[in-house]
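[1] Just to be clear, the model below is a prediction. Sequence and coordinates:
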Amino acid sequence: MKAKFIINPSSGKQNFLKSIESIVGCLVLNQVVDHIDVVYTKKVGDALEEARKIRKGEYDFVVSVGGDGTLNDVVNGLLEGGSETPLAVLSMGTANDFAQYAKPPQTPEAFCRMIMEFKIRKIDVGKINDRYFINRVSGGFGANVNDKVSQESKAVLGKLAYYMEGALDFSKKGMETVRIRLDSKQFQGERDVLSFVVLNTCAGFGIYQGMPDKDMQDGVLDVLIVKKMALGQVSTLGLRALTRKMTNHPKVKHFQTKRIRIESASKEDVSVDFDGQTFGNLPVDLSIVPGALKLIVP
């Protein structure tokens, strides 16, 4: 077999090179692969371009090495390029929401064993305008937190850096709401919301981990709207999240859909992120692409 490793060298884990060397050694020594191309990204967009230029049949699989941002770029590149190359995920970044949900192997031995067995699962991917996302799209409170965290903070504090930035964001904005308009077959209307999220998986730090388990092959997006609430109700929302019953909270509206448009219902710009990266401002058109990605799973 022939493989391509797309590696983000600014990954949050300092010992990632040793892990990659162990994996490559295992694959080669066990004669699982006979050719490996390794690419290190240097700037934003490199991973996307490296994945997009893969031709159909050029590689038996590609490995995304990094965090959610690297994975998002690789997924977009593979789908835009149309190579249908199976993807393996080696989570080495600070933000690894997809890895927490999909649970790919975390040790070189287990990762090598997964490649040897080579079981493929076709999973859904979300689409936001002309881009793709594998985890979530969100806006309002908590959006774009990833972009506010410095590389230095990630290296020193790890995922705690995201929680600290989220707490700082809340201290500045408090219970600030945004007014949005939603249009889908299942729900239409305007709402004042603290935040909204459209999920392909239940991956993500914070309250979205309070979702019930979600299948990556269910063919629908889950939409959550956290409505305006009193400060005292926030603690009950957090409790519901911890017990995975957040969708039962009276201030949370949850529904499933295949397609939805979200717009700002005021003159205010409402920023949106996808897979923890800045996307832009509303409006956005969101849809599900069933079985779009071939994922190598344990």
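    Perfect, I can see it now.
[2] can you give me the strands in the stretch 1-150 of the chain?
    Counting by DSSP state E, counting those that start in this stretch, the segments of the stretch 1-150 of the chain that form strands are 2-7, 35-40, 61-66, 87-91, 119-128, 131-133, 136-140.
[3] Can you spell out which helices and strands pack onto the longest one?
    If you count contacts as 3 or more Cβ pairs under 8 Å, 6 or more residues apart in numbering; DSSP states H and E, strand 119-128 packs onto strand 131-133, strand 136-140, strand 284-297. Bear in mind the C-beta positions are built from the backbone N, C-alpha and C, glycine included.
[4] So for that strand, what gets flagged as buried?
    123, 124, 125, 126, 127, 128 (16 or more other Cβ atoms under 10 Å).
[5] What separation do you get for the residue nearest to the third one when sequence neighbours are not counted and residue 97?
    It refers to residue 125. Distances taken as Cβ to Cβ, 6 or more residues apart in numbering place residue 292 nearest to residue 125, at 4.3 Å, with adjacent residues excluded. For residue 292, the distance to residue 97 (Cβ to Cβ, to the nearest Å) stands at 19 Å.
[6] circling back to that earlier point, my guess is the residue nearest to residue 125 contacts residue 80. True?
    No - Residue 292 is not in contact with residue 80 according to Cβ atoms under 8 Å; the separation is 11.3 Å.
[7] among the helices and strands packed on strand 119-128, which is the most enclosed?
    Greatest average neighbour count among those goes to strand 136-140 (a mean of 24), per mean count of other Cβ atoms under 10 Å.
[8] For that strand, give me every contacting residue.
    97, 126, 128, 177-178, 180, 193-201, 203-204, 208, 226, 262, 270-275, 279, 282, 284, 286 (Cβ atoms under 8 Å, 6 or more residues apart in numbering).
[9] likewise stretch 22-39?
    1-7, 46, 50, 59-60, 90, 108-109, 111-112, 115-116.
[10] distance between it and the chain's centre?
    Offset of stretch 22-39 from its chain centre (Cα atoms, centre = their mean, to the nearest Å): 27 Å.
[11] sorry, back to before: which ones among the contacts of strand 136-140 lie within strands?
    Counting by DSSP state E, the part of the contacts of strand 136-140 found in strands is 126, 128, 178, 180, 193-199, 226, 262, 271-274, 279, 284, 286.
[12] Please report how far residue 8 lies from residue 17.
    Counting by Cβ to Cβ - residue 8 and residue 17 are separated by 12 Å.
[13] Could you check which of those two has the larger neighbour count?
    residue 8 (23 against 14; other Cβ atoms under 10 Å).
[14] got a list of what the more buried one touches?
    40, 41, 47, 65, 66, 67, 69, 70, 92, 93.
[15] For residue 257, state which of these is nearest.
    residue 69 (26.2 Å; Cβ to Cβ).
[16] Domain map for this structure?
    As given by automatic domain parsing, the domain ranges for the chain are 2-117, 133-289.
[17] So which of those domains is nearest residue 297?
    Going by Cβ to Cβ, the one of the domains of the chain nearest residue 297 is domain 2-117, 7.2 Å.
[18] For that closest one, give the mean pLDDT please.
    Throughout domain 2-117, pLDDT has a mean value of 92.
[19] Can you get me the start-to-end distance on it?
    15 Å (Cα to Cα, to the nearest Å).
[20] same deal with stretch 73-88?
    14 Å.
[21] which of the residues in that stretch are buried?
    The neighbour-count check on stretch 73-88 (16+ other Cβ under 10 Å) flags 73-81, 83, 85-88 as buried.
[22] List of residues touching it?
    The contact list for stretch 73-88, computed with Cβ under 8 Å, 6+ apart, reads 6, 45-64, 104, 111, 114-115, 118, 120, 125, 131-134, 289, 292-296.
[23] Pretty sure residue 120 sits against residue 295.
    Yes - Residue 120 lies in contact with residue 295 (Cβ under 8 Å); the separation is 7.0 Å.
[24] Compute the distance between residue 219 and residue 58, please.
    Counting by Cβ to Cβ - residue 219 and residue 58 are separated by 29 Å.
[25] what does residue 269 give?
    According to Cβ to Cβ, residue 269 stands 41 Å off from residue 58.
[26] Is residue 288 bridged to anything, and to what?
    When assigned by DSSP bridges, residue 288 has beta-bridge partners residue 126.
[27] from now on call the first residue 54
    Okay, residue one is now 54; in that scheme the one you just asked about reads as residue 341.
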